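# this one's sequence-less:
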Ligand SMILES: Nc1ncnc2c1ncn2[C@@H]1O[C@H](COP(=O)(O)OP(=O)(O)O)[C@@H](O)[C@H]1O
Ligand SMILES: [Mg+2]
């Protein structure tokens, strides 16, 4: 598959700080992948995705070494419009993105800015409203919605621009469990039906792992691990040292491994973990 994001030996330090926020980071992301990004607070996750979106270095002051290439082009050579075409960005706080008095206007805003015609805009509004479940809310003010609905509007307005890559930076961190669910469901639809490249920074690790083709662990400005979920969760002790709290099923399976009762793959699925535990119990019963 085509490598669409390439980061080569990137070091970035925000102005007036005493250490780099990212240090000597190299990373390749292939098209149509769902990439989950995790790591402790202040480890550099937002900085990393801001570099992929080009917000750094375009909108921030600091020292930049190395390069980020998007679809083969150096990000420093891309203008704002080209960047918007390639990468959409959803923030933790959806309201930070709002500019309009109705959901429909909010969805149209970005598309008007890139000069789409009104028929195309109408079609795309129907399309994103269907994917994000906003059909009945188009007339409402985005400010009157629940947290989860607001975040769905923010995602829909980015999706409407049909970027090649969509980045979501902790999109569920301000939401209640129902709101969180709705965002994970939309992410699953985007992955399965739209085949987009999706990069999601998220603390709810078990849900993130189930969606992700690859997981990235950011630790003190470096990529500490980049692997498929099954391999990512090997060596739980090391993950804990790197400040990551693995999901309960991973900790449980790790304990079984250490007790010599299990040597299969790691999974974050509760159903699969129960099956594993049941088959171990059945084996023990049979030995008795
Ligand atoms: N705008 C900024 N100016 C100065 N320092 C920043 C800025 N944004 C982030 N940092 C610093 O960069 C480091 C990484 O932060 P960040 O990328 O936001 O981490 P995360 O998203 O993992 O919590 C932290 O030490 C943070 O204090
Ligand atoms: Mg962050």
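Perfect, thanks for sending it. Since the model is a prediction, treat every value here as computed from it, not as a measurement. Numbering: from 1, shown residues only. Ligands and ions are numbered 1, 2, ... in the order given.
# nearest residue to residue 248 in space, please, no chain neighbours.
Leaving aside its chain neighbours, residue 248 sits nearest to residue 206 (7.7 Å; criterion: C-beta to C-beta, 6 or more residues apart in numbering). All C-beta atoms are positioned from the backbone trio N, CA, C, and that covers glycine.
# surely the one you found is in a helix?
Yes - assessed with DSSP: H, G, I helix; E, B strand; the rest coil, residue 206 lies in a helix.
# give the contact list for it.
Residue 206 sits next to 247, 248, 249, 268, 270 when contact means C-beta atoms under 8 Å, 6 or more residues apart in numbering.
# what separates the first one from residue 212, distance-wise?
To residue 212, residue 247 is 12 Å away according to C-beta to C-beta, to the nearest Å.
# the more surrounded of those two?
A direct count of neighbours by other C-beta atoms under 10 Å for residue 247 and residue 212 places residue 212 higher, at 26 against 22.
# which non-adjacent residue is nearest the more buried one?
Once flanking residues are discounted, residue 212 sits nearest to residue 36: 3.5 Å by C-beta to C-beta, 6+ apart.
# just the buried ones from the contacts of residue 206?
When those are checked for burial by 16 or more other C-beta atoms under 10 Å, the buried set is 247, 249, 268.
# need those residues in a markdown table with distance to residue 106 and secondary structure, can you?
As requested, the buried ones among the contacts of residue 206 are exported to a markdown table (distance: C-beta to C-beta, whole Å; DSSP: H, G, I helix; E, B strand; the rest coil):
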| residue | distance to residue 106 | secondary structure |
| --- | --- | --- |
| 247 | 35 | coil |
| 249 | 38 | helix |
| 268 | 34 | coil |
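# could I get these as JSON lines with pLDDT and distance to residue 158?
What follows is those, written out as JSON lines (pLDDT from 0 to 100; distance: C-beta to C-beta, whole Å):
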{"residue": "247", "pLDDT": "93", "distance to residue 158": "28"}
{"residue": "249", "pLDDT": "94", "distance to residue 158": "32"}
{"residue": "268", "pLDDT": "91", "distance to residue 158": "27"}
